[in-house]
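>>> Just to be clear, the model below is a prediction. Sequence and coordinates:
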Amino acid sequence: MTTLAAGTATTDSAARPQPGLARHLIDGAWTGTPITERRNPARPHEIVALSPAGTAEDADAAVAAAVRAQPAWAALPAPARGAILLKAASLLEDRATAVAADLVREEGKTLAEATGEVKRAADVLRFFGSLGWAPSGDVLPSGLPGTTITTRREPLGVFALITPWNFPIAIPAWKAAPALVAGNAVVLKPAELTPLSATHLARALQDAGLPTGVFNVVHGSGRVVGEAFARDERVAGLSFTGSTAVGLHLKGVLDARRARVQLEMGGKNAVLVLGDADPESAAAVVAAGAFGLTGQACTATSRVYVTPGVREAFTAALVRIAGEYAPGDGLAGARMGAVVSEAQFAQDAAAVRLAVERGAELLAGAHDADPTGGLFFPPAVLAGMAEDDPIVTEEVFGPVVAVLEVPDYEAGLAAVNSSRYGLTAGICTDSLALATDFAARAQAGVVKVNRPTSGLDLNAPFGGVKDSSTNTFREQGRSAVEFYTWGKTVYLGV
Ligand code: UN1
């Protein structure tokens, strides 16, 4: 059954495509009536997608299908499971033009960002697919005669994945791929705002030959579908990326039934710019982290601490570069894409307005941008606010950055670490000694030296500390498989 209207494949920005139809994928069947409308954030009149509003019964059916399918899937040799992910990677790459265009239309990011994300999702599938051939345990000597010890990792069974709209295909891919290659079955609830991207991933897996019921998708709200997954005793674990409030709620539900939980939540990521840094390069690094992806990444830069010697030159460069990130339609070649929704747009504008009311200086951007013709929010640079101002402490999730002066490195490090969040942190400096010290003492799961806080390599572990993450299991890289498996030690006497 075709789930996406052929019209969505066009890349002609002048054409108005038919809405793509997303359906649940439950036990190998595409089901549900697509009724929930999603509009293009860059073109408010264009309906991009229709998706079904999943019920608790849909969630139950998806989990039941996954429970049925999982044992046979786990019994396949790991290389055979991996081969299906490798095939799905190639299919996704073949379809990249159409998938990226749908991603831009439903999420709002630029075509370059969307194309990169689709490629990244394919690479993620390839990376974890190839792990089907990798060693999956150790061989250890035993103190007992005639005995060898081996370690194995076993799948837990069925995993629920709840994924956000901001990386609508990469995040489902990087949660599903390690789960699947390890022999688990999956139920996915994608973000309501971005149903098409998840559907493309599901189709690639299905077309690659993934057995029926191993990967299921239920669209709908977190309150209904996400909650049903979290409470279902048959779900062995849940991986969530989204807001801290929702993540902590889900953790309560999962902890109560002693199921496994992985949370990637908010961030208030800071960059410390030191006097020895080249102000132009530092401003380019900060701008890429703050305004790339329209600032809509939990890894985005939203606070900058600058030492006095470089503050003026750095700020001037940042303001100039902010002006180059003109927001517009991602399919029409804009440098910065649209904000995802009217609610997010209002939140960005309100955050900037409040900061200005409280005395901050708006050096670039606006707090009164008009969303009528498209959700285009010019990047905002603010300065002169107090260290505990909400713009410095609360996540905005938009292209908004606060610049503060700090007297020296130690004060800057303390300011970086003053946040309740700890996802990514950056430093711009030529000093190897200070960069090394910062890497050791920054309270963040990922530290970037002279690189934007957002943008991750798929082979490197990712996660945060404090209110950003559960701080137990990491995503991405080989260690991602740990969350989806349990360890077993075998003493083999012969
Ligand atoms: C990136 O910075 O490349 O939702 C990825 C997020 C993160 C992923 C960031 N979980 O923004």
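Sure thing, it's come through. Numbering: from 1, shown residues only.
>>> Around the ligand, pick out the residues from the stretch 251-400 of the chain.
264, 297, 298, 299 (CB under 6 Å from any ligand atom). Where you see a C-beta, it was placed from the backbone N, CA and C, and this is true even at glycine.
>>> Pick out the most distant pair among these.
Spanning the widest gap among those are 264 and 297, at 11.1 Å by CB to CB.
>>> where do the strands sit along the stretch 51-200 of the chain?
For the stretch 51-200 of the chain, the strands defined by DSSP state E, counting those that start in this stretch cover 139-141, 147-155, 158-162, 185-189.
>>> out of the ones you listed, which comes closest to the ligand?
strand 158-162 (12.0 Å; CB to the nearest ligand atom).
>>> Can you tell me the strand partners of that closest one and which way each runs?
Note on strand 158-162: by DSSP bridges, its sheet partners are strand 185-189 (parallel), strand 237-241 (parallel).
>>> Distance from the last one to the middle of the chain?
Same thing as strand 237-241. Relative to its parent chain, strand 237-241 has a centroid offset of 12 Å by CA atoms, centre = their mean, to the nearest Å.
>>> need the next SSE after it, C-terminal direction.
Using DSSP states H and E, the helix or strand that follows strand 237-241 in sequence is helix 244-256.
>>> May I see the buried residues of that following helix?
244, 246, 247, 249, 250, 251, 253, 254 (16 or more other CB atoms under 10 Å).
>>> about what we covered before: next, format the strands of the stretch 51-200 of the chain as a markdown table and append distance to the ligand and mean neighbour count.
Compiled in a markdown table, these are given as follows (distance: least, CB to the nearest ligand atom, whole Å; neighbours: other CB atoms under 10 Å):
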| stretch | distance to the ligand | mean neighbour count |
| --- | --- | --- |
| strand 139-141 | 35 | 10 |
| strand 147-155 | 24 | 15 |
| strand 158-162 | 12 | 29 |
| strand 185-189 | 15 | 30 |
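>>> As JSON lines, those with distance to residue 414 and mean pLDDT would be great.
Below are the strands of the stretch 51-200 of the chain laid out as JSON lines (distance: least, CB to CB, whole Å; pLDDT from 0 to 100):
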{"stretch": "strand 139-141", "distance to residue 414": "44", "mean pLDDT": "97"}
{"stretch": "strand 147-155", "distance to residue 414": "40", "mean pLDDT": "97"}
{"stretch": "strand 158-162", "distance to residue 414": "35", "mean pLDDT": "99"}
{"stretch": "strand 185-189", "distance to residue 414": "39", "mean pLDDT": "99"}
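>>> Export the ones you listed to JSON lines and append columns for distance to residue 434.
Below are those laid out as JSON lines (distance: least, CB to CB, whole Å):
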{"stretch": "strand 139-141", "distance to residue 434": "41"}
{"stretch": "strand 147-155", "distance to residue 434": "39"}
{"stretch": "strand 158-162", "distance to residue 434": "39"}
{"stretch": "strand 185-189", "distance to residue 434": "43"}
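>>> buried residues in stretch 208-218?
So stretch 208-218, judged by 16+ other CB under 10 Å, has buried residues 208, 210, 211, 212, 213, 214, 215, 216, 217, 218.
>>> The fourth one: what's it in contact with?
With contacts taken as CB atoms under 8 Å, 6 or more residues apart in numbering, residue 212 has the following neighbours: 27, 28, 65, 69.
>>> Okay, it and the ligand: tell me how far apart.
Separation of residue 212 from the ligand (CB to the nearest ligand atom, to the nearest Å): 30 Å.
>>> Secondary structure element for that residue, which one?
Per DSSP H and E: residue 212 is located in neither a helix nor a strand.
>>> Give me the pLDDT for it.
What the model reports for residue 212 is a pLDDT of 98.
>>> got the domain boundaries for the protein?
2-265+469-493, 269-457 (automatic domain parsing).
>>> Would you mind putting these into CSV with distance to residue 463 alongside?
Formatted as CSV, these follow (distance: least, CB to CB, whole Å):
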stretch, distance to residue 463
domain 2-265+469-493, 4
domain 269-457, 5
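>>> Quote the end-to-end distance of stretch 391-405.
Stretch 391-405 stretches 15 Å from its first residue to its last (CA to CA, to the nearest Å).
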